[in-house]
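A.B. asks: Need the 3D shape of this:
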Amino acid sequence: MSHLPEDLQDFLGQTLLFRGLSGETLEALGSIALRRTYDKNETIFWEGDEGSGFFIVISGRVKVFKATAAGKEQILQLFSTAEHFAEVAAFDGEPFPASAAAVENSELLFFPRGAFLTLLQQHPSLAVNMLAIFARHLRRLARVIEDLALRDVPQRLAVYLLYLQERQGGAEDVELDITKGQLAALLGTIPETLSRGFAKLSQTGAIAVDGSKIRVLESDRLRHLAEGT
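C.D. replies: Okay, the predicted model is just below:
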């Protein structure tokens, strides 16, 4: 069954990438978008493949990751509904610097590089949006470097749980949206160390763990743990 939004223009206008653009520009973007579906665990592209375009998630979830020759996987980022990925490679024409795969059955919009670059020349406001997105990428990269260099695993875990709580509407009970193995890879660690991180946060009274459900008991305490204060 297709999950393609009935009003594609409205859907595109709600995405961070295309927010604030005129109806004319959104209509032009919709005219070049191609719907693609992927089964759970299906590869979307491999590192080194031609950067032929970028994607926006309609439904499902996608991981972007690096894999070693030994098969170890490092998840770089996760994307869900209305989020975009792979636009940098599509912009410079270089090969994809990482791989992408569907974490669950997913439906995506694909924007071919050539057609998108043509629109970019015709719609200056679209170029401004892209510059803002690249600035966000730089800020995120700085945060990732800080996390890996300055924060230990419990701190990284606290940061992620606060992010997840905000994403899920500030609820006290937070549902992990990926497996703990995937979360360990996302945080740059191994499952055993992640388990110790959960145990440490639980011992402080900040959270209570019940499988994939995390109850945030003390948001302020969790925030202090994330900041290392």
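A.B. asks: continuing past the worst-scoring helix or strand of the chain on mean pLDDT, what's the next helix or strand?
C.D. replies: Lowest on mean pLDDT, DSSP states H and E among the helices and strands of the chain sits helix 124-150, with a mean of 69. Next helix or strand after helix 124-150 toward the C-terminus (DSSP states H and E): helix 153-167.
A.B. asks: Do me a favour and average the pLDDT over that following helix.
C.D. replies: For helix 153-167, mean pLDDT is 87.
A.B. asks: now what about it, what contacts it?
C.D. replies: Identification of contacts with helix 153-167 by C-beta atoms under 8 Å, 6 or more residues apart in numbering yields 147, 151, 171, 174, 176-177, 183, 186-189, 193-194, 196-198, 200-201, 206-207, 214, 216, 219, 222-223, 225-228. Heads up, the C-betas are built off the backbone N, CA and C, glycines and all.
A.B. asks: Stretch 190-210 too?
C.D. replies: By C-beta under 8 Å, 6+ apart, stretch 190-210 touches 153-154, 156-158, 161, 180-181, 183-184, 187, 189, 214-218, 221-222, 225.
A.B. asks: Just those residues: which are in strands?
C.D. replies: Here DSSP state E is the test, and the contacts of stretch 190-210 give Ile214, Arg215, Val216 as lying in strands.
A.B. asks: quick revisit: are any of the contacts of helix 153-167 buried, and if so which?
C.D. replies: The neighbour count (16 or more other C-beta atoms under 10 Å) marks 147, 151, 174, 176-177, 183, 186-189, 194, 197-198, 200-201, 206-207, 214, 216, 222, 225-226 as buried among those.
A.B. asks: Give me the below-cutoff pLDDT ranges for the protein.
C.D. replies: 1-6, 134-135, 137-150, 229 (pLDDT under 70).
A.B. asks: follow-up on the earlier one: tabulate the ones in strands among the contacts of stretch 190-210 (CSV), appending distance to Glu87.
C.D. replies: Shown next, in CSV, are those (distance: C-beta to C-beta, whole Å):
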residue, distance to Glu87
Ile214, 32
Arg215, 36
Val216, 33
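A.B. asks: Name the nearest of the residues you listed relative to Ser125.
C.D. replies: Val216 (39.3 Å; C-beta to C-beta).
A.B. asks: tell me the helices in this protein, going along the chain?
C.D. replies: In the chain, the helices defined using DSSP state H lie at 8-14, 23-32, 87-92, 113-122, 124-150, 153-167, 180-186, 191-203, 219-227.
A.B. asks: Quick one, which of those helices gets closest to Phe45.
C.D. replies: helix 87-92 (8.9 Å).
A.B. asks: buried ones in that closest one?
C.D. replies: Quick answer for helix 87-92 (16+ other C-beta under 10 Å): Glu87, Val88, Ala89, Ala90, Phe91.
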